[in-house]
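# next come a sequence and a model predicted from it.
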Amino acid sequence: MKNTKVTLAGVELQNPVMTASGTFGSGIEYSEFYDLGRLGAVVTKGVANVPWPGNPIPRIAETASGMLNAIGLQNPGIDTLLERDIPYLRKYQTKIIVNICGKTIEDYCEVVERLSTEPVDFLEINVSCPNVKEGGIAFGQNPKALEAITREVKKYARQPVIMKLSPNVTDITEMAKAAEAGGADVLSLINTITGMKIDIHRRTFAIANKTGGLSGPAIKPVAVRMVYQVAQSVRLPIIGMGGICTAEDALEFILAGATAVSIGTANFTNPYAAKEVAEGIEAYMEQHQIADIKSLIGAVG
Amino acid sequence: MKSREFVTIIEQKKIASDIYSLWIQTEHIAKGARPGQFLSLYSQDKSHMLPRPISICEIDREQGRIRMVYRVVGEGTAEFSHKKAGEQIEVLGPLGNGFPLDVGKKRIFLMGGGIGIPPMVQLAKELDGEVQVIAGYRDELFLTEELKEYASLYVATEDGSAGTKGNVIDAIYAHKLEADLIYACGPKPMLRAIQSYAKEHGILCYLSMEERMACGIGACLACVCQSKEVDAHTQVHNKRICKDGPVFLSTEVEL
């Protein structure tokens, strides 16, 4: 029996595969394709203290081996998440990670506090959405601001706190160290890379927000590099993501130093992607006689 | 459980410039499909991450087949158009809600514009009553034989090369047509015109909308439209076109 279990901040996951926030809703739509209990965790779409309407359309555009999105953190607010989505997800044998967005530190802390008595396993703090001016990116591109919000959120949090890092910075290790200094329990990276696409026929921007976040296999080498750099610079466990489509992709992140991995854009290309990555990791362990996945974490050299 | 599957192509035919007709064999999709729903078609080129939403043109429930008529607009749809009978194509569906059929009105307009015309074929087949199709084309006609088989057909073309010169609203006035119920699918400016025509004449009207989609199943919130009321799912003035639509009452959406 191969051991695929990993531990993040003292919480054990049955396998290292989870979904990337924003690509999986609250899992309800994907539960029509497979048992969500096959995943290590489900990460919900970013939720704020009140409903957010998001950005104008068009919100997405396909690009080579990827896509740009500027959804703008549309979300139904914490009340609906607690009434509808969390009870639904509790039916599955998987961990629940709630991704949180806000405009001010107070917004974040309000949601964190509301979740403190709820049956969720982790809180992921989105300080890196590139598509909303006040969507937290202000906290995610300045080490001092990141350390401060991390420290503040930790005061209210009863669950382990994951700080989700932006790649749109000069040195991501500075941000990782700031989150660690602020008391983060786990880091997740990378969020999308800011990009732009221009429609030459209409001579306008392909998405209404002008800029969007680039995701998909196009960004994977950047993501693997950043996971490796962060793993070398802090002691916190890392959830790696950015263009993972297959188990082979996921294993690159694990070898680079990620304890767990998230599947994002690949869910759109293949609704079974996350489940298939989990199965593929097991098959790799079988094939290479690896008894414990933990022996692969950061094992590149 | 929903399933994405490879299905066999029965027939692929070019029926106008850049317009292709594709019949696929898929018992389970054909069994559950309704007019106005769509399928997601997946490219096998890994550089294309997103499925292409294509509307259902005809459903052959007896033989378990679905027909889609689509326009080649880029590399993804070009890839589909190169596939031949006997080859496989990866699909998911049926997706979205179709047109509601039994609303108790007998004089009906089916208004299609461009690549919004195909869903009107199956809809015309399934409706009882006085079904009048008003089809708007840029210039080149397609699907007119099928539409004539199940309804009376009125054509409008932008260049006036066939039927009324102008748009579908111009054709209604030119032929002095009347209806108690409208189903429409087409580009947004056309839907906007039909929405105000329906409001002006107090006609019950359903609009099928389109927007760039990513997941196609309601998870990603890429393809939203503005709703008049706060939507129960999203808790804001937004509805998901792929999941809550693509068909909406003309009075519930802002175009």
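Looks like it arrived, so ask away.
# wait, B:Met120 sits on B:Glu146?
No. The criterion here is C-beta atoms under 8 Å, and B:Met120 misses it with B:Glu146 at 9.2 Å. Heads up, the C-betas are built off the backbone N, CA and C, glycines and all.
# in the stretch 101-250 of chain A, what residue comes closest to chain B?
A:Gly216 (5.0 Å; C-beta to the nearest C-beta).
# right, and that residue touches A:Ala61 too?
No. The criterion here is C-beta under 8 Å, and A:Gly216 misses it with A:Ala61 at 11.6 Å.
# more neighbours: these two, which one.
A:Gly216 (27 against 24; other C-beta atoms under 10 Å in any protein chain shown).
# now do the contacts for the more buried one.
Counting by C-beta atoms under 8 Å, 6 or more residues apart in numbering or on different chains, A:Gly216 makes contact with A:Thr63, A:Ser65, A:Gly66, A:Met67, A:Gly243, A:Gly264, A:Thr265, A:Ala266, B:Met49.
# again, only using 6 Å
A:Ser65, A:Gly66, A:Met67, A:Gly243, A:Thr265, B:Met49 (C-beta atoms under 6 Å, 6 or more residues apart in numbering or on different chains).
# what is the neighbour count of the closest residue to the fourth one other than its chain neighbours?
What that stands for is A:Gly243. Excluding the flanking residues, the one nearest A:Gly243 by C-beta to C-beta, 6 or more residues apart in numbering or on different chains is A:Lys220, at 3.3 Å. A:Lys220 sits with 21 neighbouring residues when counted by other C-beta under 10 Å.
# backbone dihedrals for residue 20, please?
Picking chain A for this. Phi and psi for A:Ala20, reported as degrees, to the nearest 10, are phi -90, psi 140.
# nearest spatial neighbour of it, skipping sequence neighbours?
A:Gly264 (3.2 Å).
# ok, the one you found - contacts?
Contacts of A:Gly264 (C-beta under 6 Å, 6+ apart): A:Ala20, A:Thr23, A:Ser215, A:Met241.
# counting by contacts, list what the worst-scoring helix or strand of chain A on mean pLDDT packs against.
Using mean pLDDT, DSSP states H and E, helix A:137-140 stands out as the lowest-scoring helix or strand of chain A, at a mean of 80. For helix A:137-140, the elements it packs on are helix A:143-156, judged by 3 or more C-beta pairs under 6 Å, 6 or more residues apart in numbering or on different chains; DSSP states H and E.
# what comes into contact with the helix it packs on?
A:105, A:108-109, A:112-113, A:125, A:139, A:161, A:163, A:174-175, A:178-179, A:181-184.
# for that helix, the distance to its chain's centre please.
18 Å (C-alpha atoms, centre = their mean, to the nearest Å).
# identify the residues contacting residue 237.
Here I'm looking at chain A. A:Leu8, A:Val186, A:Thr259.
# wait, chain B
Per C-beta under 6 Å, 6+ apart, neighbours of B:His237: B:Gln226, B:Ser227.
# phi, psi for it please.
Dihedral angles (degrees, to the nearest 10) for B:His237: phi -80, psi 60.
# rewinding a little: now, which of the contacts of A:Gly264 lie within helices?
Using DSSP state H, no member of the contacts of A:Gly264 sits in helices.
# need those in TSV (columns: neighbour count and pLDDT).
Output for the contacts of A:Gly264, formatted as TSV (neighbours: other C-beta atoms under 10 Å in any protein chain shown; pLDDT from 0 to 100):
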residue	neighbour count	pLDDT
A:Ala20	27	98
A:Thr23	25	98
A:Ser215	31	98
A:Met241	33	98
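# where along chain A do the helices fall?
A:78-80, A:86-90, A:105-115, A:137-140, A:143-156, A:172-182, A:220-233, A:247-256, A:266-269, A:273-287.
# ok so, going back, most neighbours among the contacts of A:Pro237, which one?
Neighbour max across those (other C-beta under 10 Å) = A:Leu8, 26 neighbours.
# contacting residues around stretch A:11-27?
Contacts of stretch A:11-27 (C-beta under 6 Å, 6+ apart): A:4-6, A:30, A:36, A:39-46, A:85, A:89, A:95, A:99, A:121, A:241, A:260-264, A:267, A:274, A:277-278, B:219.
# filter the residues you listed down to the buried ones, PyMOL style.
Buried residues within the contacts of stretch A:11-27, by 16 or more other C-beta atoms under 10 Å in any protein chain shown, are selected in PyMOL with:
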select buried, (chain A and resi 4+6+30+36+39+40+41+42+43+44+45+46+85+89+95+99+121+241+260+261+262+263+264+267+274+277+278) or (chain B and resi 219)
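# so what's the residue nearest to A:Pro237 when sequence neighbours are not counted up against?
Excluding the flanking residues, the one nearest A:Pro237 by C-beta to C-beta, 6+ apart is A:Thr259, at 4.2 Å. By C-beta under 6 Å, 6+ apart, the contact set of A:Thr259 is A:Val6, A:Leu8, A:Pro237, A:Ile297.
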